[in-house]
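Student: Prediction below, plus the sequence it came from.
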Amino acid sequence: MSEADHARALPDAPPILSDVPGSFTWRVLHDRHPAIIAQVSGAFPYPPRIRQALARLAQDAVAGVVEPLPADAHDAADWARWSAPYLGMSWYDVPFLWAENYFYRRLLEAVEYFRPGPWRGLDPFTPQKSAELADPALDADLAALAGLTTRPAEEQLTAAVDAALWGNRADLATRVSDPEAEHRKQASDLVADDSAVLRRLLAPGTGGTVCLVADNAGRELIPDLVLVDVLLRNRLADRVELHLKPQPYFVSDAMLHDLLSCLRRLADAEPALRERLWTALDDGSLEVVTDPFYCEPLSYHDLPGDLAARFRAAKLTIVKGDLNYRRLVGDRHWPAHTPFDAVTAYFPGAVAALRTLKSEVLVGAPDVAALDAAGVGWRLDGTHGLIQVRV
Ligand SMILES: O=P(O)(O)OC[C@@]1(O)O[C@H](CO)[C@@H](O)[C@@H]1O
């Protein structure tokens, strides 16, 4: 089927908004965002003007309307373009994906992340990220993953993919409003499982480039790095590009400084793994990419040319996590049976999604009627996962 045929076969799926009081998306805006602001306010001894800016944002983003970024912001022109359809509207009436993105951009504005002065460049989420990485519980994860090197390549891949997938379960933004998320048992079944296709694309000796579009730092980035190591060590890929966020985003999203913190953490716990990753960065077989696109309020349908070229040249792009999934398939009310192949037909090159479900969006899962009959909770609590691949 051609891309145009795929597009024609798609049902009309409206974008997800946050306008139903009590719904998940409404609660993210109404409850989670102010809780994140409160956490950030307590994270550093910010001066009164930053505290006031955060307090104003807490009011605006919960009960106000969408206002423009200050005209002197470095990206004011971009945001003026992206905001134009929504200015003056309630945050609850604009697309959820857009509202969340704008919230994190406004948060960085409030803490003067891009402004000249002493607070420039300080990641407001550092304390939570550091606490997670310092957690001794991580040692058990690491010890389990360390045993991998002696197993056959295919087993290593299966275990690393599994760890990378479930590492996505409890991001720090989710834990703000759902402290149990981390401890909740995961369901053993995946609602979609294309792991056989994934294994075929990543057969030993096949080489090529894999783009790994990371999601969260800490507990998730560590297994992602194990996956990178498995790919390179077994020649399942010759090169890996690790795509990270260029700025703080969705609390725990991984940036370059988080990668460096993980490498420091590995220096004690898993020095051999740290050494291999360091060497790979050093010789270019592992390349870090941080494109502004990753913090823009857009879906992958609007990929900039340079990223599209990278994905086209790769033998596979793996996108991690819930938000990347929403951006990949479009943050819309899709019927769950909508084929994954059809909604991702536009993507330049083969693409795999590794995601635990923490929002309602779902495609390529025709058999979830029984789960849905019990309510929407299972789509939100990180207990269910999926591996979907479009070649
Ligand atoms: O991308 P991630 O880290 O897996 O999840 C991001 C997330 O926590 O943020 C959104 C709500 O704020 C949800 O879509 C999703 O649950």
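Tutor: Looks like it came in fine.
Student: which of the residues in the helix or strand where Ala196 lies are buried?
Tutor: Taking DSSP states H and E as the definition, Ala196 sits inside helix 195-201. Of the residues in helix 195-201, 195, 197-199, 201 count as buried by neighbour count, 16 or more other C-beta atoms under 10 Å. The C-beta positions use only the backbone N, C-alpha and C, and glycine is treated the same way.
Student: These into TSV, with extra columns for pLDDT and distance to Leu227?
Tutor: Rendered in TSV, the data for the buried residues of helix 195-201 read as follows (pLDDT from 0 to 100; distance: C-beta to C-beta, whole Å):
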residue	pLDDT	distance to Leu227
Ser195	96	13
Val197	97	16
Leu198	97	11
Arg199	96	13
Leu201	97	14
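Student: Okay, and the beta partners of Leu242?
Tutor: When assigned by DSSP bridges, Leu242 has beta-bridge partners Leu212, Val288.
Student: looking at it, it is touching Thr209, isn't it?
Tutor: No. Taking C-beta atoms under 8 Å as the definition, Leu242 is not a contact partner of Thr209, at 11.5 Å.
Student: Would you mind telling me which of these two has the busier surroundings?
Tutor: Comparing Leu242 with Thr209 by neighbour count (other C-beta atoms under 10 Å), the higher total belongs to Leu242, at 24 against 19.
Student: Quick check: pLDDT value at that one.
Tutor: According to the predicted model, the pLDDT of Leu242 comes to 99.
Student: how much space between it and the ligand?
Tutor: Taken as C-beta to the nearest ligand atom, to the nearest Å, the spacing of Leu242 relative to the ligand amounts to 16 Å.
Student: Contacts only, for that residue.
Tutor: For Leu242, the contacting residues are 212, 214, 224, 228, 259, 286-289, by C-beta atoms under 8 Å, 6 or more residues apart in numbering.
Student: Nearest to the ligand, out of those: which one, please.
Tutor: Using C-beta to the nearest ligand atom, Ala214 comes nearest to the ligand of the contacts of Leu242, at 10.1 Å.
Student: what about the closest residue to that closest one other than its chain neighbours, distance to the ligand?
Tutor: Nearest-residue entry for Ala214: Ala254, 4.9 Å, with adjacent residues in sequence omitted and distances by C-beta to C-beta, 6 or more residues apart in numbering. Shown here: Ala254 relative to the ligand, a distance of 10 Å by C-beta to the nearest ligand atom.
Student: I'd like to know how many residues surround Ala254.
Tutor: By other C-beta under 10 Å, 25 other residues sit near Ala254.
Student: Now the phi/psi pair for it, please.
Tutor: For Ala254, the backbone dihedrals (degrees, to the nearest 10) come out as phi -80, psi 130.
Student: Surely it and Leu244 touch.
Tutor: Yes. Counting by C-beta under 8 Å, Leu244 is a contact partner of Ala254 at 5.2 Å.
Student: Spit out the contact partners of the residue nearest to Ala214.
Tutor: With C-beta under 8 Å, 6+ apart, Ala254 has these contacts: 214-217, 220-221, 244-245.
Student: could I get those as TSV with neighbour count, secondary structure and distance to the ligand?
Tutor: Conversion of the contacts of Ala254 to TSV gives the following (neighbours: other C-beta atoms under 10 Å; DSSP: H, G, I helix; E, B strand; the rest coil; distance: C-beta to the nearest ligand atom, whole Å):
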residue	neighbour count	secondary structure	distance to the ligand
Ala214	27	coil	10
Asp215	28	coil	5
Asn216	29	strand	5
Ala217	30	coil	10
Glu220	29	coil	8
Leu221	29	helix	11
Leu244	22	coil	13
Lys245	23	coil	11
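Student: which residues touch the helix or strand encompassing Ala77?
Tutor: Using DSSP H and E, Ala77 sits within helix 76-83. With contact meaning C-beta under 8 Å, 6+ apart, helix 76-83 is reached by 66, 68-70, 73, 98, 102, 105, 296-298.
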